[in-house]
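[1] My questions concern the predicted model and sequence given below.
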Amino acid sequence: MNKETHDLMYRLIESHGEKLLRVFWLGFDAMETQPEPVALCKKLFRLEHKAHRLSTDYCNGDIHHETWEHKTDLILEKVDKILHFYSQEIPVFVNPDCRGYALKIGDEYIKENEHLRSFIYRDWGGYGIIAPDFKHEAEGQLKYKNGFAAKL
């Protein structure tokens, strides 16, 4: 990865982390210290990888439904320790379809909270994505910026 891609990726991660702080009201309580945005994203990205591997195993028939549910509950408990989404009644879940991101915010919640539509990173179905892979996003943005479309 070149420096330009790395720098853009870092800025995208930092921006996403700052948005997560506001969506989940992290560090706004006087008793709570605000997490560092990049560190927050790194923790969530590790859990995203675990959840995605689990969804892949489930889709491939390598694990049974009961095992999948038990293990996803454990992952969601770890995510809740970071984001506190249960107490805020934010519908975070693990997507069983391995063709996309695993850790998501329900699309109905995004629709009901209009300010989130253009604010939080989303997939085509309108679900909020908790831990996107900004490496591919940065590469795509720079390819478009430096590629054919930029020369038009």
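    Perfect, thanks for sending it. Numbering: from 1, shown residues only.
[2] Give me the distance between the two termini of stretch 119-137.
    16 Å (CA to CA, to the nearest Å).
[3] For H6, pull up the helix or strand it's in.
    Element membership of H6 [criterion: DSSP states H and E] is helix 3-23.
[4] residues of that helix that come out buried?
    8-9, 12-14, 16-17, 19-21, 23 (16 or more other CB atoms under 10 Å). Backbone N, C-alpha and C define where each C-beta goes, glycine included.
[5] again, but for stretch 87-102
    Buried, per 16+ other CB under 10 Å, within stretch 87-102: 90, 92-95, 98, 101-102.
[6] out of the residues you listed, who's nearest E66?
    Nearest to E66 among these is V94, at 14.5 Å by CB to CB.
[7] hmm, back to that, rebuild the buried residues of helix 3-23 as a markdown table, extending it with distance to Y58 and pLDDT.
    Converted to a markdown table, those look like this (distance: CB to CB, whole Å; pLDDT from 0 to 100):
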| residue | distance to Y58 | pLDDT |
| --- | --- | --- |
| L8 | 33 | 94 |
| M9 | 29 | 95 |
| L12 | 29 | 95 |
| I13 | 28 | 97 |
| E14 | 32 | 96 |
| H16 | 26 | 96 |
| G17 | 29 | 96 |
| K19 | 29 | 95 |
| L20 | 26 | 96 |
| L21 | 31 | 94 |
| V23 | 27 | 94 |
